[in-house]
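> With the input below, show me the fold.
(chains A and B)
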Amino acid sequence: MKRLLYSSVLLVLLPLLWRVGSVNAARNQDQQPAHQQTKTADKSADYLGSDTCMGCHEDVVNKFAKNPHSRLALLHGGKGVTCESCHGPGREHVEGGGDITKIFRFTEASVKQIDKTCLGCHAAAHPNFERSEHGKANLSCIGCHSIHKFQDEASLLKVSQPKLCYTCHTDLKPAFAQPFHHKVDEGLMKCSDCHNPHGTFQAAQLKSTADQNAICVKCHTETAGPFVYEHPVVKTEGCTICHSPHGSPNPRLLNTANVNTLCLQCHSETNMGAFPHAVSPSGPNHNQATQYVSCLNCHAQIHGSNSDSVFFH
Amino acid sequence: MGRLSSMTFDVSSLRAFAVRIALSISMCAVLLPVSSSAQETSPPQETTAPAQETTTKPNETTPPAEETTTQPKEIIKDGYAIHQTVDLGGHIAEHSGSDPMYATLVNLQSGPRILSESLEMHAVGKVKYPFFDTLMTSSTGYGGDPINVTVLRMSKGKLYDFQGLFRRNRQYFDYDLFSNPLIPDGLTSNGYTFPQVNSSPHLFNTVRRMTDVNLTLLPISKISFRTGYSQNINQGPTYSSVHEGTQGLLLQNWRNSTDNWLGAVDWRVLPKTTLTYEEHITHYKGDTNWQLSGLNLQLSNGAPVSLGFDNVAVPSCTGPAILNSATTPATANDTCNGFLQYYRYSPTRELFPTEEFKFQSSSIRNIQMNGRVRYTGANMDLPNYNEYFNGLISRSKLLASTVTGYSSAKRINVSADYGVVWQVSEKISLSDQYDFWNFRQPGNNFLSEVDQSGTSMLAAPGPPSAPTTTLADSFLGQKTQTNILTAAWQASPKASLSLAYRYRSRALNYSLLLGEDGAPPEGNAYTLDIHENGGILGIVLRPSMQWRINGSLEASYANRTYTQINPRALQHYQIHTTYKPKDWATISGTFNDLEQRNNVLYVNHLDHSRSFTVGASLMPSERYGLDLSYGYLDVFSRTSLCYAASPAPAGAVGVPPGTGCGNNIYLGTGYYDAPTQYGSIGITLAPVKNFRSALGYRMSAVNGTTEFLNPRQVPGSLQSQYQTPYANVAWNFASGWAWKADWNYYGYGEGTPIGPTLPRSFRGNVYTLSMHYEF
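Have a look, this model is predicted:
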């Protein structure tokens, strides 16, 4: 309660400490395209506005009204620029009769130039991108996104998920086609429900829940705990110690066809010295050929229990 | 054991429904061009192939035939450009074979549907509107599909962004081999044959409803505010089981809900530096309860009783297990282990407040860095645990027991992460990422059990015993520190290399102490320190502008592991390549090989996951296109394990001397291999402007093998094929109107033997007829 009150007070007080102002996308020393950042003089006169761009690029400008980037025009007292916020000042391009070498073209720019341009505004939202797997693979922003020819309006993606992701991650298409799979192809989930393609601090660009739990727990909340009697590996090793989250030929996305094999891999007395946790079922009470065909028939609360140390209930 | 919902349909009513749907759609096709009237529209635009559906469609396992319209797609009204679409129609579904497997894998039933609808509104002109400049909403699958999705997005200039998402998913799971005891054939007692369990004892029939809403105020200001709310409700009847002398089948009334609130502030303190504070509060309510089910027998006094659902041998009782098989239901022996009554209530509440502080900065030249600190102080409270058993546990002569108690636990979770990238020169960069994560979970549990003795379920339970109390103190904690140092070199515009070193340390701490009736607690406690070193080599090649090759090689070694199946040694090889010779042609391929081993003596764990996949997408014109995919996957693992089985499975190996398997007499390998082949082909055809079609075929086949620990075990889905061919057409017969027809086939089959349960193969056809209208 005290912590909540303190946090609320902080939230309320913070706005009083500074001036609320709009971000100005057009000021030279701020978020210009990368190739413009070396210019130090005030070149605002070189920005002509999207009405000028419309003279030749009418189709593009007309469709831009639906683009969230169009709100850049609202900045700077309603005089913000849209096209030139990304493509750079257009005066030389116009005076050169449409000279394409006088304007920033994303299709001809290097990966670093493209990323710098986009991250000039979006770095706060995607701070891990440069260190992410996609960033290290030199995948630029326009590898997935298209400002002018998007098909997925939500994130300006060239193609909707998961088809976009399958373009490179061809190994995942067969995984989601297995009999038991998370319903990505059916439209219930997206790749971005679990992964952040712009990178995270976690491995495999996985997200985490608000309470720092595995992202699986966002939907499978009953496994979050904390439990009095934890199945420790769920918290220390993660859900993939037992499950294959994309798809599996095994029910419940298990890593093995028979759940007893999965359990006995760890719960065997082989080399107990190296594995002190390895509580082992002792026979003949756990005769695999009798009613102990499935460990889960008795150990039903396998993700953790608040009432039984052996997860019966 | 009965199924929890009926999935069967009368075929004659199916036909009648199909005729009605076809007639209705045909009438619309004839009448609408006559009755349509001019509306206020924007000037006619040149016909273009529209973008693919931007809304996710439930059960869209097939690429839809895209609509083309020859008339304006927007209406200008009250200052908004408005575009709406609606798809109304229905499914005609029929299937043969396994109803449970069809419901588990497909679950599409006949009936009318609002297949999809969408509304887009964009402000036009200079007029300012008070509520929104842009509004987009779409919905799919309502009317009976197992997946329903609704999306709502609204925004107004600099003022706010709003996003809302609602998803509903009916999850039906009944794979009959899962947790199945596999009753042997011919198990009889006194003329009564114990029935096979033909459904999964852990069947699921739940509905999950997830709502996510996020509001950002002043999104492009120096300071912006975010608030959000998420809700996840998962409920429905399921089955579970409990062991009390024998296995009782329980009706598990699943009911869990989670609410999450978010409040956040983003402050762009400098042009390239942002500070963020977030407060999350998550509240979990677990109200699942359990009731006895499967009372398929009776006692001689008529009381319903269950002798357990997993009797793979005739129950051992004083006398025969079944006293009289001529009654309905059969009369069971009152001295067998059995269940008369059982219930369990375990209402649990959890609260997870989390504070998070983040920063991101690229204000320092050539340096980008970001970091965050998070603190979660979670609490779990189970104030009133209540469990009641009435039956017989013959071993302890227990007729009834009542267990009450309470539990509480905390999780204190602290994490800190920092990442920095330094562009040393134009071609060289260094980056480092440090992660710290420490969680501590103390917990305690108090249970009081009152027992009542007896030896026959026909007799009333004896007097209550003095309570037996159990006190538990538990602790689980782990501190993890990881550092990844990376150097990258852009050798040329066509090649770059990166080399990373990763060090990770984990300190694990566990204890569980149990004390009964005031005795000093005793139990298990240990600590574990694990250190891991690894390296990652990355290569990016651009032989040409159209061709990209990405490769990585990762290798790591840990001094020890927590479990036998965690790897001490790991190698991961990945190659992704994409070739785009033309704008309309993309060819891609992936090789992915993960090799892991834990070569501890008498464990010898080895596993790999290998895949080789290729794909091609060719769309040379609007009139035709081709999509091809092929994949080969192989998942393998083996681990030495100890087990007991009598009778033993074929090929069982006795435990060699010195292996140390305790009372278990066999040493298994845990062998598992699942080679899988996947193939798909899809063709789109649009021979004329107003007609589009698509057809294709997909198949996934796994031919796996595994060690059987049980002589009645069968491969099941480990040897299976799943085929899903499809076809669809879309005919634009009038302005803004399209008639659409889809056919999807679902064919699932398994290899032999099937086992003692029912076969799991099925064939299904789903025809979807709909009318699409956009205006």
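> Skip the chain neighbours and tell me the closest residue to B:Tyr418.
Excluding the flanking residues, the one nearest B:Tyr418 by CB to CB, 6 or more residues apart in numbering or on different chains is B:Gly371, at 4.0 Å. Placement of C-beta: from N, CA and C, glycine included.
> Got phi/psi on the one you found?
Taking degrees, to the nearest 10, you get phi -160, psi 170 for the backbone angles of B:Gly371.
> for B:Tyr557, helix, strand, or coil?
State at B:Tyr557, reduced to three classes by DSSP: H, G, I helix; E, B strand; the rest coil: strand.
> residues in contact with the residue nearest to it when sequence neighbours are not counted?
Spatial nearest neighbour of B:Tyr557, chain neighbours left out: B:Ala569 (5.3 Å); criterion: CB to CB, 6+ apart. Applying CB atoms under 8 Å, 6 or more residues apart in numbering or on different chains to B:Ala569 gives the contacts B:555-558, B:596-599.
> Chain A: helices as residue ranges?
For chain A, the helices defined by DSSP state H occupy A:2-13, A:50-54, A:58-63, A:75-78, A:83-87, A:91-95, A:111-122, A:133-136, A:163-168, A:172-176, A:191-194, A:232-236, A:259-266.
> May I have the phi/psi pair for B:Glu595?
Main-chain dihedrals, B:Glu595, degrees, to the nearest 10: phi -120, psi 130.
> who's it bridged to?
B:Gln571, B:His608 (DSSP bridges).
> Confirm for me that it is in contact with B:Leu570.
Yes. The criterion here is CB atoms under 8 Å, and B:Glu595 meets it with B:Leu570 at 7.1 Å.
> Can you get me a residue count around residue 198?
Since no chain was named, I'll use chain A. Residues near A:His198, counting by other CB atoms under 10 Å in any protein chain shown, number 20.
> my bad, chain B
Other residues within reach of B:Asn198, judged by other CB under 10 Å, total 15.
> Which of the helices or strands spans the residue lying closest to it once chain neighbours are set aside?
In space, and not counting its chain neighbours, B:Asn198 is closest to B:Leu758: 4.8 Å by CB to CB, 6+ apart. Using DSSP states H and E, B:Leu758 sits in no helix or strand.
> Show the pLDDT at B:Leu758.
Per-residue pLDDT puts B:Leu758 at 93.
> which ones are touching it?
If you count contacts by CB under 8 Å, 6+ apart, B:Leu758 has them with B:98, B:100, B:176, B:198.
> from memory the last one sits against B:Asp176, does it?
Put plainly, it is B:Asn198. Yes. Using CB under 8 Å, B:Asn198 is in contact with B:Asp176, at 5.9 Å.
> list residues touching both of these two?
B:757-758.
> Could you give the number of residues near A:Ala204?
Applying other CB under 10 Å, we find 9 other residues in the vicinity of A:Ala204.
> Could you tell me the per-residue confidence at it?
Model confidence at A:Ala204, expressed as pLDDT, equals 95.
> Could you give the secondary structure assignment for the residue most central in space within chain B?
For chain B, the residue nearest the mean C-alpha position is B:Gln171 (9.7 Å; CA atoms, centre = their mean). Following three-state DSSP, B:Gln171 is assigned to strand.
> next one: the one 10 residues further on
Under the three-state scheme (three-state DSSP), the conformation of B:Pro181 reads as coil.
> Look up how far chain A lies from it.
Separation of B:Pro181 from chain A (CB to the nearest CB, to the nearest Å) stands at 5 Å.
> That residue reaches B:Gln196, doesn't it?
No. Using CB under 8 Å, B:Pro181 is not in contact with B:Gln196; the gap is 9.1 Å.
> Who has more neighbours out of the two?
Shown here are B:Pro181 and B:Gln196; by other CB under 10 Å, B:Pro181 has more neighbours (25 against 18).
> if we can go back for a sec, would you list the phi and psi of the residue nearest to B:Asn198?
phi -70, psi 150.
> re earlier: as a markdown table, the helices of chain A with mean pLDDT, distance to B:Ser474 and mean neighbour count would be great.
Listed next are the helices of chain A as a markdown table, based on pLDDT from 0 to 100; distance: least, CB to CB, whole Å; neighbours: other CB atoms under 10 Å in any protein chain shown:
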| stretch | mean pLDDT | distance to B:Ser474 | mean neighbour count |
| --- | --- | --- | --- |
| helix A:2-13 | 56 | 25 | 11 |
| helix A:50-54 | 85 | 63 | 17 |
| helix A:58-63 | 83 | 60 | 13 |
| helix A:75-78 | 72 | 55 | 14 |
| helix A:83-87 | 87 | 55 | 23 |
| helix A:91-95 | 90 | 68 | 17 |
| helix A:111-122 | 90 | 44 | 20 |
| helix A:133-136 | 94 | 37 | 20 |
| helix A:163-168 | 93 | 41 | 21 |
| helix A:172-176 | 95 | 36 | 23 |
| helix A:191-194 | 96 | 30 | 18 |
| helix A:232-236 | 95 | 10 | 21 |
| helix A:259-266 | 91 | 19 | 25 |
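> Would you reformat these as TSV and include distance to chain B?
Output for these, formatted as TSV (distance: least, CB to the nearest CB, whole Å):
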stretch	distance to chain B
helix A:2-13	5
helix A:50-54	13
helix A:58-63	10
helix A:75-78	7
helix A:83-87	11
helix A:91-95	23
helix A:111-122	8
helix A:133-136	6
helix A:163-168	5
helix A:172-176	3
helix A:191-194	10
helix A:232-236	5
helix A:259-266	4
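> Of those helices, give the one that comes closest to A:His246.
A:His246 lies closest to helix A:172-176 among these, at 3.9 Å (CB to CB).
> Can you give the distance of that closest one from its chain's centre?
Its chain's C-alpha centre lies 19 Å from the corresponding centre of helix A:172-176 when counted by CA atoms, centre = their mean, to the nearest Å.
> again, but for stretch B:455-468
What separates the centre of stretch B:455-468 from the centre of its chain is 44 Å, taken as CA atoms, centre = their mean.
> same question, stretch B:728-740
With CA atoms, centre = their mean, you get 36 Å for stretch B:728-740.
> Show me what counts as buried in it.
By 16 or more other CB atoms under 10 Å in any protein chain shown, the buried positions in stretch B:728-740 come out as B:728-732, B:734-740.
> gap between the residue nearest to A:Ala125 when sequence neighbours are not counted and chain B?
Distances taken as CB to CB, 6+ apart place A:His198 nearest to A:Ala125, at 7.8 Å, with adjacent residues excluded. Separation of A:His198 from chain B (CB to the nearest CB): 12 Å.
> For A:His198, which residues are in contact?
A:125-126, A:128-129, A:132, A:134, A:205.
> Just give me the closest of those to chain B.
Distance to chain B, by CB to the nearest CB, is smallest for A:Asn128 among those, at 6.3 Å.
> isn't that closest one right next to B:Gly371, touching?
No. The criterion here is CB under 8 Å, and A:Asn128 misses it with B:Gly371 at 10.4 Å.
> Quick check: neighbours shared by these two?
B:Gly419.
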